[in-house]
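[1] generate a structure from the sequence data that follows.
(one chain, ligands or ions: 1)
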Amino acid sequence: MLEIKGLRSYYGESEILHGIDLAVPDGKIVALVGRNGVGKTTTLKSVMGLVKAPEGDVFLDGVSLRRMPPYERARQGIGYVPQGRDIFPQMTVAENLRLGLEVCGGRKQDAEELYELFPIVKKFLARKGGDLSGGQQQQLAIARALIARPKLLLLDEPTEGIQPSVIQEIGDAIRTINQKTGISILLVEQYLDFALELADDCYVMDKGRVVFHGATGSSGKEEIQQYMLAS
Ligand SMILES: Nc1ncnc2c1ncn2[C@@H]1O[C@H](COP(=O)(O)OP(=O)(O)OP(=O)(O)O)[C@@H](O)[C@H]1O
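    Take a look at the predicted model:
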């Protein structure tokens, strides 16, 4: 599904990613964890083509995305839910949702299926995006990415700034999306327990490099926790 090979990314002259290799197999949830500032968001932005990455490549189903601009990568089937969610506060929920169709390349998710996953989105269709709570905005942002029926979903810290009671709901929705539609997910998270509970596989980053990769089963979990403490 997704393969990142030898990726080096830059902001201006500063090299931020020093050769990342990472894979998201078909239908799997893969977590990318690590402390603040290690390069997790930069990795997702590089997959979307939003950051200069002159070396290495990203493949989606074997197709190189290297020369594609961000909108073309989205059309290939990548849904991106950025950190902070990027909901337009003055637009209604329905308008925010429709924006997701701009990149659909002809594919479209059945709206009723989306509403089933996120009833709150249906309930508040006429409300301004800015009037929703953080958790509701997160659900809208995920729904907006799903409306174009992507093959791969990139989620950047979906639990950030969200009440503990809503975090569980978001986790359930992510699991349901993965199980029902078979969509592959690359999940960036600071909240380690949340990430490990959902993911099949985990990568730990430190200072622009992958320092650990393994399955999230019980032994893997301990090892990942140790890497997080040490990094
Ligand atoms: N627009 C930018 N211009 C210059 N440097 C940047 C920019 N965005 C991020 N950086 C730097 O790149 C490095 C990696 O940042 P990145 O946001 O990818 O980390 P992260 O692991 O996602 O952390 P966080 O959890 O805080 O989002 C950091 O040192 C950060 O200061």
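[2] doesn't Ala148 make contact with Ala74?
    Yes - Ala74 is within contact range of Ala148, at 7.2 Å (criterion: CB atoms under 8 Å). The way it works is simple: take the backbone N, C-alpha and C, and place the C-beta from them, glycine included.
[3] stretch 204-218: end-to-end distance?
    Taking CA to CA, to the nearest Å, stretch 204-218 runs 16 Å from one end to the other.
[4] and the lowest mean pLDDT element among the helices and strands of this structure?
    Taking mean pLDDT, DSSP states H and E as the measure, helix 218-230 is the helix or strand of the chain with the lowest mean score, a mean of 76.
[5] check which residues of that helix are buried.
    Within helix 218-230, the residues that qualify as buried by neighbour count (16 or more other CB atoms under 10 Å) are 220-221, 224, 227-228.
[6] am I right that Glu160 is in a strand?
    No - residue state for Glu160 (DSSP: H, G, I helix; E, B strand; the rest coil) corresponds to coil; a strand is not indicated.
[7] quick one: it and Val166, what's the gap?
    Separation of Glu160 from Val166 (CB to CB, to the nearest Å): 12 Å.
[8] thinking again about what came up before, quick one: which of the buried residues of helix 218-230 is nearest to the ligand?
    Using CB to the nearest ligand atom, Met228 is the member of the buried residues of helix 218-230 that sits closest to the ligand, with 12.4 Å.
[9] now do the closest residue to Leu97 other than its chain neighbours: how many residues are near it, please.
    Using CB to CB, 6 or more residues apart in numbering and skipping residues adjacent in sequence, the residue nearest Leu97 is Arg144, 5.4 Å away. Counted by other CB atoms under 10 Å, the residues lying close to Arg144 total 24.
[10] thanks again, I'm all set now.
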